[in-house]
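>>> okay, structure incoming, though there's no sequence with it:
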Ligand code: GLN
């Protein structure tokens, strides 16, 4: 991307409560600006102290998203990539921990030349470096995680305030998300929390330029005027962020309220540099209104307590439904619950399922249940898609039950096993982020395989795992009917396995869900749903 000296910066903050969907809102705002012909980049700042979200359980903040360049990021980057069709990198997911880490390391190296190292200017300067890194798009949207008023977030707001002041208020805009709760007994939407949240921002020296207010119904003109009055805003800049049953309807709802027009007016920019094309969102909205046939898919996992832990996966399944003109009904099947079941109970549990998917995961809990799910899909000729751990599981199951090696396992779960899945002793991982294989890796696909029919050629997909399928078992697997159809260019790392005699049984070591988009469904998911549909 060429450097654009006139890049405009939009800061997205949130107040009143957490979980307002700032990431989705930021992505939708970006998509609307794109639809007017402008280029958009997006970036997330998370004030917490973890260096990155890589080591956090999905039960904490939802899924860990992985960029092409192998950085473990907040899941909001997934929304940005999906909505905006752009590729983000390690500089687009920045935590408080990483900022402090860099400042403190610089201090140890003596880079501050004897001065006292302080929150302002040293920490705030470091944040500002990231805000403006890789400028080039017409707009850079910077989402600041957390809720205004959080202690951790103060320095990020301060950095944003300084930055906006330095580049001039015509070049920066603050969009604040809040909540207007509905009080049933009064039959009213309450605006006070919004007013107070805007005031907290003002105390930090930031005047919100636009509010997107999450509400169960559209704000009335009276309510908007009242909010505008108390919050120093034009009434046109008070937007209702009403609850939607599907996130892809949000851009159209924002557009109908003139959100993009108001943003461009703030920056004194042309309302549009093209004809403005929202057809891709209209297409999704039309699909959602149709009564399309339903395909039931069992996702056998273990992080279901938090709605967002399989975010990209659920999105990819939705996109694949869109591509196949069917509605994908996802059934969360708790892997552990399968472990104690009889064969009849397992059969009942999967009754009516047109496909079984075992997603990625870490640790021993639920493993044997996932193995039973893979076995059930294999033996009953139900379409199976295994992702990362779901591939390792499929191989272990096959070697145990088709090749007769009962002690087959992954060394992640058993130290004393036939190591079908193991840590490759001498594969150089130095440039791959510690011992995890992270980010995009090329994969060579054999002709005349299901993988080849799906992808049509060699691919690059994103990884996030530590263990590998042990290629030593390849001949044995092959003899019994499971083949390796994709591998790393050096031939040493199995990437895709499949069972040619099964209607659709494929499992991959990578995470295809990170490259699925609503505008172009991922081929692997589209093929899986197509097989399930049949
Ligand atoms: N736990 C497995 C590994 O580390 C699988 C990881 C995953 O599914 N992302 O290799």
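Cool, got the structure. Given the structure is predicted, the values throughout are model-derived calculations rather than measurements.
>>> can you pull the buried residues of stretch 337-351?
Neighbour counts over stretch 337-351 (16 or more other CB atoms under 10 Å) mark 338, 346, 349-350 as buried. (Glycine included, C-beta is placed from N, CA and C.)
>>> meant to ask about stretch 160-167, not that
160-164.
>>> just stretch 466-481 next, same as before
Of the residues in stretch 466-481, those buried (16+ other CB under 10 Å) are 467-470, 473-474, 476-477, 481.
>>> give the full set of residues in contact with the single nearest residue of the stretch 101-250 of the chain relative to the ligand.
Of all residues in the stretch 101-250 of the chain, the one sitting closest to the ligand is residue 145 (23.4 Å; CB to the nearest ligand atom). Applying CB atoms under 8 Å, 6 or more residues apart in numbering, we find residue 145 in contact with 22, 44-48, 74, 76, 153.
>>> quick one: pLDDT of it?
The per-residue pLDDT reported for residue 145 equals 95.
>>> distance-wise, check it relative to residue 355.
Distance of residue 145 to residue 355, given as CB to CB, to the nearest Å: 35 Å.
>>> tell me the centre residue of the chain?
residue 78 (3.0 Å; CA atoms, centre = their mean).
>>> so is it in a helix, a strand, or just coil?
When classified by DSSP: H, G, I helix; E, B strand; the rest coil, residue 78 comes out as helix.
>>> okay, and the beta partners of the nearest residue to it once chain neighbours are set aside?
Distances taken as CB to CB, 6 or more residues apart in numbering place residue 65 nearest to residue 78, at 4.5 Å, with adjacent residues excluded. Taking DSSP bridges as the rule, residue 65 bridges to residue 73.
>>> leaving out sequence neighbours, find the closest residue to residue 102.
residue 126 (5.9 Å).
>>> how far off centre is the lowest-mean-pLDDT helix or strand in the chain?
Every helix and strand in the chain was compared by mean pLDDT, DSSP states H and E; the lowest is helix 58-61, with a mean of 75. Relative to its parent chain, helix 58-61 has a centroid offset of 13 Å by CA atoms, centre = their mean, to the nearest Å.
>>> tell me which residues of that helix come out buried.
58, 61.
>>> count of neighbours near the residue in the stretch 151-300 of the chain positioned nearest to the ligand?
The minimum distance from the stretch 151-300 of the chain to the ligand, using CB to the nearest ligand atom, falls at residue 300 (12.6 Å). Other residues within reach of residue 300, judged by other CB atoms under 10 Å, total 30.
>>> ok, it - contacts?
Contacts of residue 300 by CB under 8 Å, 6+ apart are 333, 335, 338, 356-359, 369-370, 373.
>>> again with residue 29
Taking CB under 8 Å, 6+ apart, one finds 10, 12, 141, 175, 254, 259-260, 263 in contact with residue 29.
>>> just residue 358 next, same as before
299-301, 370, 373-374, 384-387, 389-390, 393-394, 507.
>>> is it bridged to anything, and to what?
In beta-bridge terms (that is, DSSP bridges), residue 358 pairs with residue 386.
>>> can you list the residues of the protein near the ligand?
Residues of the chain lying near the ligand by CB under 6 Å from any ligand atom: 360-362, 388-389, 412, 464-467.
>>> one more time with 5 Å
Proximity of the chain to the ligand, by CB under 5 Å from any ligand atom, involves residues 360, 362, 388-389, 464-467.
>>> what about those, which are in helices?
In helices, defined here by DSSP state H, the members of these are residue 389.
>>> between the residues of the chain next to the ligand, which is closest to residue 407?
Proximity of those to residue 407 (CB to CB) peaks at residue 467, which lies at 16.7 Å.
>>> hang on, that closest one packs against residue 422?
Yes. Using CB atoms under 8 Å, residue 467 is in contact with residue 422, at 6.2 Å.
>>> so what sits against both of the two?
410-411.
>>> re earlier: any chance of the residues of the chain next to the ligand in JSON lines, plus distance to residue 520 and pLDDT?
What follows is these, written out as JSON lines (distance: CB to CB, whole Å; pLDDT from 0 to 100):
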{"residue": "360", "distance to residue 520": "22", "pLDDT": "95"}
{"residue": "362", "distance to residue 520": "30", "pLDDT": "92"}
{"residue": "388", "distance to residue 520": "22", "pLDDT": "97"}
{"residue": "389", "distance to residue 520": "26", "pLDDT": "97"}
{"residue": "464", "distance to residue 520": "22", "pLDDT": "95"}
{"residue": "465", "distance to residue 520": "25", "pLDDT": "95"}
{"residue": "466", "distance to residue 520": "30", "pLDDT": "93"}
{"residue": "467", "distance to residue 520": "31", "pLDDT": "95"}
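>>> among the residues of the chain next to the ligand, name the ones in strands.
464-465 (DSSP state E).
>>> top of the residues of the chain next to the ligand by neighbour count?
Ranking the residues of the chain next to the ligand using other CB under 10 Å puts residue 389 first, with 26 neighbours.
>>> got the contact list for it?
358-362, 370, 465.
>>> ok, so of the buried residues of stretch 337-351, who is nearest the ligand?
Nearest to the ligand among the buried residues of stretch 337-351, with distances taken as CB to the nearest ligand atom, is residue 338, at 17.7 Å.
>>> doesn't residue 346 make contact with that closest one?
Yes. Shown here, residue 338 and residue 346 form a contact pair, counting by CB under 8 Å, at 6.2 Å.
>>> find residues that contact each of these two.
With CB under 8 Å, 6+ apart as the test, residue 338 and residue 346 both reach residue 372.
>>> avg pLDDT for stretch 211-224?
95.
>>> could you tell me how far that stretch lies from the centre of the chain?
28 Å.
>>> what of stretch 454-462?
20 Å.
>>> next one: stretch 169-189
With CA atoms, centre = their mean as the basis, the mean position of stretch 169-189 lies at 25 Å from the chain mean.
>>> and the strands in the stretch 351-500 of the chain?
Along the stretch 351-500 of the chain, counting by DSSP state E, counting those that start in this stretch, strands occupy 355-358, 384-387, 408-410, 418-422, 437-445, 459-465, 468-469, 483-487, 494-498.
>>> separation between the residue of the stretch 101-250 of the chain closest to the ligand and residue 161?
17 Å.
>>> likewise residue 500?
61 Å.
>>> with residue 234 instead?
Counting by CB to CB, the gap from residue 234 to residue 161 is 21 Å.
>>> does residue 165 sit in a helix, a strand or a coil?
helix.
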